[in-house]
Structure formats: structure tokens, C-alpha cells
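Chemist: Sequence and predicted structure are below.
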Amino acid sequence: MDVDYRQLCLDLFGTDDIDELTRIARTIKKNNPRNAGRKKKFTPEEVKTIRGLIENGMTVNEAATRFKTSRQVLAKYLNERPAEGFTMRLTYMYKQHPCTIIDVDFLKQRVAVQNKTKDMLHRAFGVVENPTWEDFEVFLKDRCFPATRGNTKEILEELQLTAYDPLQIVEKTRGRTAEDDMWLKFNYYPMEGAAHEYNQS
């Protein structure tokens with residue numbers, strides 16, 4: 001089919017003047033220098049599908065590729081900000097797979113969890129759906145070297161810590177141990193009304 005490009009330009013831009021069309025093109029490019037389109041939006045059904053895929057072993061990067069978006073955009077749909085009072089989020093990871101999200105409220109000494117895998121062995125608290133503060137403290141200790149270890153003092157010095165504090169230790173070591181491939185990712189959130197969120201991956 002033959003296309004009348006002159007008429008097409010008139011219909012789209014109201015002109016067929018080369019100089020005017022060039023000016024319009026430059027304006028569009030200036031306003032959108034990276035040729036960035038509108039970011040993809042996901043329906044609740046799509047988000048549910050994505051969550052299910054990740055729970056069954058797909059990584060966030062793989063899901064982002066499948067749904068033609070970025071990891072950052074996908075993360076905004078998958079990781080909502082913690083409820084009021086929760087100022088730290090730990091994501092319990094197996095290699096690059098998120099397994100359990102743990103939101104921590106230090107003031108009221110409570111935790112809220114979201115399990116992202118059906119594999120009980122990779123969940124932070126196993127079969128426990130509503131862990132207590134004591135469960136959380138035990139979990140942290142399990143991700144540390146033993147306090148009774150002979151060279152504990154030397155290890156603490158290497159970590160630039162002055163006391164055996166499981167939370168500070170896992171923040172330094174990311175909760176990695178020689179026994180498995182699990183580790184912890186940290187996000188920090190200000191109290192309500194504070195200026196900005198601070199993230200640490």
C-alpha cells in the first residue's frame with residue numbers, strides 16, 4: 001500500500017514544512033532524551049501471578065525479563081513499605097531468591113513476616129507463621145558464629161564491634177554462614193514523619 005507521507009505529516013503535525021518538522025522532532029527528543037515511555041503498570045492479578053512465580057523459584061530478574069520491565073519497577077509492586085512502627089526490613093535470601101521478608105518494630109518488640117517460598121527449609125522461621133520476638137532473637141543467633149567460640153574477641157575486632165550483638169553481627173556479615181547459601185538483605189525505614197527512607201542491600 002502506497003503511503004502519502006506528505007498528507008500523513010499534515011494529519012499528524014499540521015505541517016509538511018521540513019524545517020518545522022525538524023523543530024518538532026528536536027523538541028520531542030529534548031523532552032524525552034532517553035526515549036523513555038510510560039512505565040509499565042501491573043494489575044493485581046498480574047502481581048499475584050508474579051508473586052506465585054517467585055515463590056516457585058523464579059528470580060526477580062527473571063520475572064522482570066518475562067514481563068518486560070525493570071527489577072526496580074517490579075520491586076515497587078512486590079515490596080510495599082512496612083506498616084507504621086516497623087523501621088527495619090530483613091529479606092532472608094537463598095542465593096538470589098527472596099524467601100522470607102521480616103519487618104521489625106524495635107519499640108514494641110514485634111516482627112511481621114511474609115513468606116515468599118513454599119520450601120519450609122528456606123523460610124526464616126520454618127512452619128511458624130507468626131514468630132515472636134524471642135523467635136526473632138533465636139533466628140539472629142542462628143545466623144551468627146557461636147558466642148562461645150574461642151576466637152570470638154578477634155572476630156568481633158575484625159567486624160569493628162565491641163560486644164557480641166547478634167543483630168549488629170548479621171548486619172556486618174549479612175547473616176552468611178558456612179553451613180548454607182542463605183543470607184540477609186537489609187532495608188531501613190524512618191519513623192513516620194521523618195524525611196527519607198534509607199536502603200542498604
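Modeler: Good, I have the coordinates.
Chemist: can you map out the helices along the chain?
Modeler: Taking DSSP state H as the test, the helices found in the chain are 5-13, 18-31, 44-55, 60-66, 71-78, 133-142, 152-158, 166-173.
Chemist: Quick check: which of these has the most neighbours on average?
Modeler: helix 166-173 (a mean of 18; mean count of other Cβ atoms under 10 Å). The C-beta positions use only the backbone N, C-alpha and C, and glycine is treated the same way.
Chemist: what's the closest non-adjacent residue to the spatially most central residue of the chain?
Modeler: Central residue of the chain (Cα atoms, centre = their mean): Ala75, 5.1 Å from the mean position. Take Ala75 and drop its neighbours on the chain: the residue closest to it by Cβ to Cβ, 6 or more residues apart in numbering is Val60, 6.8 Å away.
Chemist: How about Leu161?
Modeler: Leu161 sits nearest to Gln168 (Cβ to Cβ, 6+ apart), 5.6 Å away.
Chemist: Then Asn187?
Modeler: Nearest to Asn187 is Arg89, by Cβ to Cβ, 6+ apart, at 4.2 Å.
Chemist: Quick one: neighbours of the one you found, just the number.
Modeler: When neighbours are counted by other Cβ atoms under 10 Å, Arg89 registers 20.
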